[in-house]
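Trainee: no sequence for this one, just the structure:
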């Protein structure tokens, strides 16, 4: 509801500038309350504590969470809904993840209040980015049945904000629905241009694709801000987006099953984590990761009354950022960058795991390739899906040498032409068919 969202947004914006000690105390207090609530109301977590001879008071802070097991996607899938949700809790929405990961989609519930909290965090993101409520923003429909065009009129948006749970990436009063289902990419790009949006949040590679489509038509857009989410943002893609749309680009980090986890500010010193609404464990091996190290991400929700999530390991690898106060004035912890999916890392001949970010940064920065997909196959083979313009003998020779050197064994590289209209809006740019043992 609007009143609760606005009140929570005011609290969230105030938290953004709190000292680190106060942020840690907010997190600790919410964590203790969440653990007690989960123990009392969620059968799965009650068994976790009982099987280990623990009670909720044994968890007094983030370090104590390590005594509990990791929650996996498979366990959520197996336990939903009866074993992992709170019976009788008001549900704001039930969501299904996109299923781009190797383990497939998940169904999750967000409580009514949690839905409002997540919308408040979107408002805080807008505040940090300098977005104004009257800016125009497109809402792309990627899949599902047809949605009437009048669903997102300003009046409907205001009504849903006031009386219903509502999920928006960019909260403005001037949204426009654009149909982006299969076979409509070029048409959607022209609708996007005709609307003349001022702010947008979409996967960066898709926005880059749209930008070049428009440039090929002799058209250009001057926007105020781009939020790049749903996939890692490479340095080359950031530069291209800034050139195509003539505006700043801010990186966003989130997950459908959890909500918005963090976002970059205008100082560009990393992704600020919403640690006042989530508990983050950035781990490497059996202990916490240090600044500059690659790490796993384990998240505990601190507000979801319908389906608390304890110690859920995301399928992402990230690099830990610095602890010092940011130039924007925030003391929230930061990620330096998101590296990509854990299970998408390429496997070298000696068993070493190659972060997907190294592959994407090299292909885009060193070889100038965009809109591609790399699939590592068994038998020292690589499949490259490339645009027609990039599918050349010169590129094939260069990339064969690159992957052979990177993986420590001669690679058989096969290319496959990829039509722009056939590319999904969201997909894994790098994946492997090999078992990593990780």
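Mentor: It's in. The structure displayed is predicted, hence computed values, not measured ones.

Trainee: so how far is the strand or helix carrying residue 318 off the chain centroid?
Mentor: With elements taken from DSSP states H and E, the one containing residue 318 is strand 312-320. Centroid separation for strand 312-320 versus its chain: 11 Å, with CA atoms, centre = their mean, to the nearest Å.

Trainee: Which neighbouring elements make contact with it?
Mentor: The elements that strand 312-320 packs onto, with contact taken as 3 or more CB pairs under 8 Å, 6 or more residues apart in numbering; DSSP states H and E, are strand 294-301, strand 334-341. (Glycine included, C-beta is placed from N, CA and C.)

Trainee: Quick check: neighbours of the first one in the sheet, parallel or antiparallel?
Mentor: What it means is strand 294-301. As defined by DSSP bridges, the strand partners of strand 294-301 come to strand 278-284 (antiparallel), strand 312-320 (antiparallel).

Trainee: Contact partners for residue 385?
Mentor: When contacts are counted by CB atoms under 8 Å, 6 or more residues apart in numbering, residue 385 is found next to 372, 373, 375, 415, 416, 417, 418.

Trainee: Most neighbours of all these, which one?
Mentor: residue 372 (23 neighbours; other CB atoms under 10 Å).

Trainee: Helices of the stretch 251-400 of the chain, start to end?
Mentor: Here the stretch 251-400 of the chain has its helices, by DSSP state H, counting those that start in this stretch, at 356-361, 393-407.

Trainee: which of these is buried the deepest?
Mentor: Among the helices of the stretch 251-400 of the chain, the stretch with the highest mean neighbour count (mean count of other CB atoms under 10 Å) is helix 356-361, at a mean of 22.

Trainee: any chance of the strands paired with strand 294-301 in a markdown table, with mean neighbour count and distance to residue 216 too?
Mentor: Listed next are those as a markdown table, based on neighbours: other CB atoms under 10 Å; distance: least, CB to CB, whole Å:
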| stretch | mean neighbour count | distance to residue 216 |
| --- | --- | --- |
| strand 278-284 | 20 | 41 |
| strand 312-320 | 20 | 33 |
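
Trainee: Redo the ones you listed as a markdown table? Include distance to residue 75 and mean pLDDT.
Mentor: Listed next are these as a markdown table, based on distance: least, CB to CB, whole Å; pLDDT from 0 to 100:
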| stretch | distance to residue 75 | mean pLDDT |
| --- | --- | --- |
| strand 278-284 | 17 | 95 |
| strand 312-320 | 9 | 93 |
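
Trainee: Can you say which of the ones you listed is nearest to residue 124?
Mentor: Nearest to residue 124 among these is strand 278-284; the distance by CB to CB comes to 13.3 Å.

Trainee: and residue 217, how many neighbours?
Mentor: When counting by other CB under 10 Å, one arrives at 12 neighbours for residue 217.

Trainee: Now do the same contact list for residue 235.
Mentor: 361, 364, 365.

Trainee: quick one: the last one from residue 407, how far?
Mentor: The gap separating residue 365 from residue 407 is 19 Å, by CB to CB, to the nearest Å.

Trainee: Can you tell me what sits against stretch 20-28?
Mentor: Under CB under 8 Å, 6+ apart, the answer for stretch 20-28 is 15, 18, 60-62, 275-276, 279, 302, 323, 325, 331-332.

Trainee: Could you rerun that using 6 Å?
Mentor: Here stretch 20-28 makes contact (CB atoms under 6 Å, 6 or more residues apart in numbering) with 61, 275, 276, 279, 331.

Trainee: could those go into TSV alongside distance to residue 259?
Mentor: Formatted as TSV, the contacts of stretch 20-28 follow (distance: CB to CB, whole Å):
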residue	distance to residue 259
61	23
275	14
276	13
279	14
331	21
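
Trainee: sorry, back to before: just give me the closest of the contacts of residue 235 to residue 78.
Mentor: residue 361 (36.8 Å).

Trainee: what's the neighbour count on the nearest residue to the closest one once chain neighbours are set aside?
Mentor: Nearest residue to residue 361 in three dimensions, chain neighbours excluded: residue 234, at 5.4 Å (CB to CB, 6 or more residues apart in numbering). Close neighbours of residue 234, defined as other CB under 10 Å, add up to 23.

Trainee: go on, residue 73?
Mentor: 19.

Trainee: any idea how far residue 38 is from it?
Mentor: Separation of residue 73 from residue 38 (CB to CB): 18 Å.

Trainee: Between the helices and strands packed on strand 312-320, which one is closest to residue 110.
Mentor: Smallest distance to residue 110 across the helices and strands packed on strand 312-320 (CB to CB): 9.4 Å, for strand 294-301.

Trainee: mind listing what residue 191 touches?
Mentor: By CB under 6 Å, 6+ apart, residue 191 lies in contact with residue 178.

Trainee: Just send the strands paired with strand 294-301 back as CSV, with distance to residue 297 too.
Mentor: Output for the strands paired with strand 294-301, formatted as CSV (distance: least, CB to CB, whole Å):
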stretch, distance to residue 297
strand 278-284, 6
strand 312-320, 5
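
Trainee: coming back round to it: Throw the helices and strands packed on strand 312-320 into CSV and include mean neighbour count, mean pLDDT and distance to residue 402, thanks.
Mentor: Shown next, in CSV, are these (neighbours: other CB atoms under 10 Å; pLDDT from 0 to 100; distance: least, CB to CB, whole Å):
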stretch, mean neighbour count, mean pLDDT, distance to residue 402
strand 294-301, 22, 95, 21
strand 334-341, 22, 93, 17
